[in-house]
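Peer 1: My questions are about this predicted structure, shown below with the sequence.
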Amino acid sequence: MSVELVESEHVDQSECECDDKTTMKLADSCDSSDDHSKSNFLQAAPDVSATIEVISRNGWGRWFFLLVGILGLGNAGDAVEVSCVRYILTSYRGPHGEKMTEGEEEFLGAAVFAGMLVGGLLVGFASDRLGRRPCFIFSMATAALAGFLCACAPTVSFLILTRVIAGLGIGGSIPVTFTLCMELTPPSKRGFYINVVAWNWMVGSLYVASMAWWMLGSLEEGESKPDTTAGHPSSGTTGSPVFAGVAVWRWFAFICALPTAVAATLGTLFVPETPQFLQGRNQMEQVTKVLRRIAKGCTKGESDEFRQHIEALGYHSVNSPTTSPKSTTHTYSQRPVNTSSPPTGNLTAVLSNIKAMGSPQLLRTSLTLGGIWFSLCYGFYGISTWITMLFQRFGMEHPYWNSLLFAGAQLPGNMLAAALIDTVPRRVLLGGSMLISTVFSMLLATGKKSFVVLAACLFNGISTIGWNTLDCVSVEFFPTALRTTAVGMLAASGRMGSIGAQFVNGALQDNVTVMLLVTTVFMFCAGVLSFALPKKVAVL
């Protein structure tokens, strides 16, 4: 695998500019009356991202919005499955009205992150081998099934197991969701589209907070009762008059599984495999089919420029040259087709990708991003998954309502991220948002009622900018052939931070000031590490 480094602080703009230059050069070559020029154009297969850029310029992009909507729904479903745990923790009661033990709370809080750690690794490896589309569908379906099983959990142990399985699906979906978005959208608008997908984490957070307020909110001041669900002498509660006689948290878990189930269905119907992955496997006929499908969904007809790109790709589907003539000018977005066979054996392919992450060109990036993921996940989830409990410990009234406000605070963060992502250097935006968020986590640690909710909301909003930026840089820094492997490994390092936060917080929950100060330190580390990211990005 050859890796080229490209100097760029604003990745998307650089790609867009190069794509335009490549397109013009290809068009000039094709328009030329010189047969040799046209031959050179055909032998140098254009980057499929440049072809997607051409499609976006000739239509208003309704297909891209459909794609982003489906991927966004999947991301929202992930948020729901991660966030629902904190509400189950606070509303759970055993068969005799008892709460979970401290150890059970720690394991339940960590279960989903343990599953995400393994799921991110396994599906990340598989996606670079089997394709993005099947791995996305599998991940969504796994998370949905686990959510439905959670609603039927007969024991606490089984409940924890279902959260581990849900984590497998959630962790697996993260690398493929953002890789699908990156590879199926035009480079000039890639930052915007990735941000829109990331926005839906807020939508999922609002959804689960709203459902908790409606279904579990009556338990804030009411009496928690044992589970009286027929045939289930197990943990639960029956506090809501709307769901009287039924363990309310079970209905709550069922409703929380719906977004991932719908995303799996829509993904099966509408999301194609990415042309970049297919091109890497030399399946050029399938590449042209996917590109024509995208063009049909965006435009009324195929432009001449688009046909020129398809003609070049069609040439390669028949001739498949391994190299382009020396006389052909190559730019950032114009690449020879990779006709070499994938490594034989799944293990060989996985080891090859891991080795590539440790290459001189990518080692610094891999280590730095791994440190950022670990620190950010510890700091962010160390607060967000315990926020309802924190509000209760600080003596705040209506903790479920305050949790809804906490989730809604992501909206201004998402709007700022979308406005700044393509104008402010990625590492500056990432590091700056993390450092600013530490200020509000420190204010939250003071526990003063007058601004606890405000500090928590500002922490969540500013952190959202960092998360959206991290989603962008994580997929942009690695080449296509190992992209989901890399993101899966980065996410796995983050899950280790998330798991650690659950156990440390469980031990420190009687001293929330110290708990919040520890999370603040990790947020600060994430901010500092962001400025250590290299200015160069890797492309094939």
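Peer 2: Arrived safely, thanks for sending.

Peer 1: so what's R250 closest to, chain neighbours aside?
Peer 2: Closest residue to R250 apart from its sequence neighbours, by C-beta to C-beta, 6 or more residues apart in numbering: A151 at 4.6 Å. C-beta here means a position set from N, CA and C on the backbone, and glycine is covered the same way.

Peer 1: so how far is Y87 from the one you found?
Peer 2: 13 Å (C-beta to C-beta, to the nearest Å).

Peer 1: Ok, L390 next?
Peer 2: In terms of C-beta to C-beta, L390 sits 14 Å off from Y87.

Peer 1: Equivalent analysis for F522, please.
Peer 2: Distance, F522 to Y87, by C-beta to C-beta: 24 Å.

Peer 1: got it, and L258?
Peer 2: Between L258 and Y87 the computed distance is 16 Å (C-beta to C-beta).

Peer 1: List the buried residues of the helix or strand hosting V453.
Peer 2: Using DSSP states H and E, V453 sits within helix 452-476. Across helix 452-476, burial judged by 16 or more other C-beta atoms under 10 Å covers 452-453, 455-476.

Peer 1: Only alpha carbons, please: show stretch 445-453 as CSV.
Peer 2: Taking Å, rounded to 0.1, in the frame of the first residue of the first chain, the C-alpha atoms of stretch 445-453 are listed here in CSV:
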residue,chain,number,x,y,z
ALA,A,445,-17.6,20.7,39.9
THR,A,446,-18.4,23.5,42.2
GLY,A,447,-21.9,22.2,42.6
LYS,A,448,-23.5,25.6,43.0
LYS,A,449,-27.2,25.4,42.2
SER,A,450,-27.3,28.8,40.6
PHE,A,451,-25.4,27.7,37.5
VAL,A,452,-25.1,23.9,37.6
VAL,A,453,-27.5,23.4,34.8
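
Peer 1: For that stretch, buried residues please.
Peer 2: By neighbour count with 16+ other C-beta under 10 Å, stretch 445-453 contains the buried residues A445, V452, V453.

Peer 1: try stretch 356-376
Peer 2: For stretch 356-376, using 16+ other C-beta under 10 Å, the buried residues are 356-357, 361-362, 365-366, 368-376.

Peer 1: Could you tell me which of those belong to helices?
Peer 2: Among the buried residues of stretch 356-376, the ones falling in helices (DSSP state H) are 356-357, 365-366, 368-376.

Peer 1: which among these gets closest to H309?
Peer 2: Using C-beta to C-beta, the shortest approach to H309 within these belongs to A356, at 28.4 Å.

Peer 1: Nearest spatial neighbour of W213, chain-adjacent residues omitted?
Peer 2: Y400 (4.6 Å).

Peer 1: What about E311, how many residues nearby?
Peer 2: 15 (other C-beta atoms under 10 Å).

Peer 1: Now it: which helix or strand?
Peer 2: Using DSSP H and E, E311 falls in helix 304-319.

Peer 1: same thing with R93?
Peer 2: Counting by DSSP H and E, no helix or strand carries R93.

Peer 1: just checking, T274 touches F178?
Peer 2: No. Counting by C-beta atoms under 8 Å, T274 stays clear of F178, with 11.9 Å between them.

Peer 1: Looking only at neighbour counts, state which of these two leads.
Peer 2: The neighbour count for T274 versus F178, taken as other C-beta under 10 Å, is higher for T274 (27 against 23).

Peer 1: ok, now how distant is the more buried one from L516?
Peer 2: Per C-beta to C-beta, T274 is found 41 Å from L516.

Peer 1: tell me which element the closest residue to S530 other than its chain neighbours falls in.
Peer 2: Leaving aside its chain neighbours, S530 sits nearest to G431 (3.2 Å; criterion: C-beta to C-beta, 6+ apart). Taking DSSP H and E as the criterion, G431 maps to helix 426-446.

Peer 1: Can you show me the helices along the stretch 151-300 of the chain?
Peer 2: Using DSSP state H, counting those that start in this stretch, the helices of the stretch 151-300 of the chain run over residues 156-184, 190-215, 248-256, 258-270, 275-280, 284-298.

Peer 1: Would you mind giving these as JSON lines with mean pLDDT added?
Peer 2: Formatted as JSON lines, the helices of the stretch 151-300 of the chain follow (pLDDT from 0 to 100):
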{"stretch": "helix 156-184", "mean pLDDT": "94"}
{"stretch": "helix 190-215", "mean pLDDT": "90"}
{"stretch": "helix 248-256", "mean pLDDT": "90"}
{"stretch": "helix 258-270", "mean pLDDT": "97"}
{"stretch": "helix 275-280", "mean pLDDT": "91"}
{"stretch": "helix 284-298", "mean pLDDT": "89"}
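
Peer 1: Quick check: which of those is nearest to V528?
Peer 2: Among these, helix 190-215 comes nearest to V528, with 22.7 Å by C-beta to C-beta.
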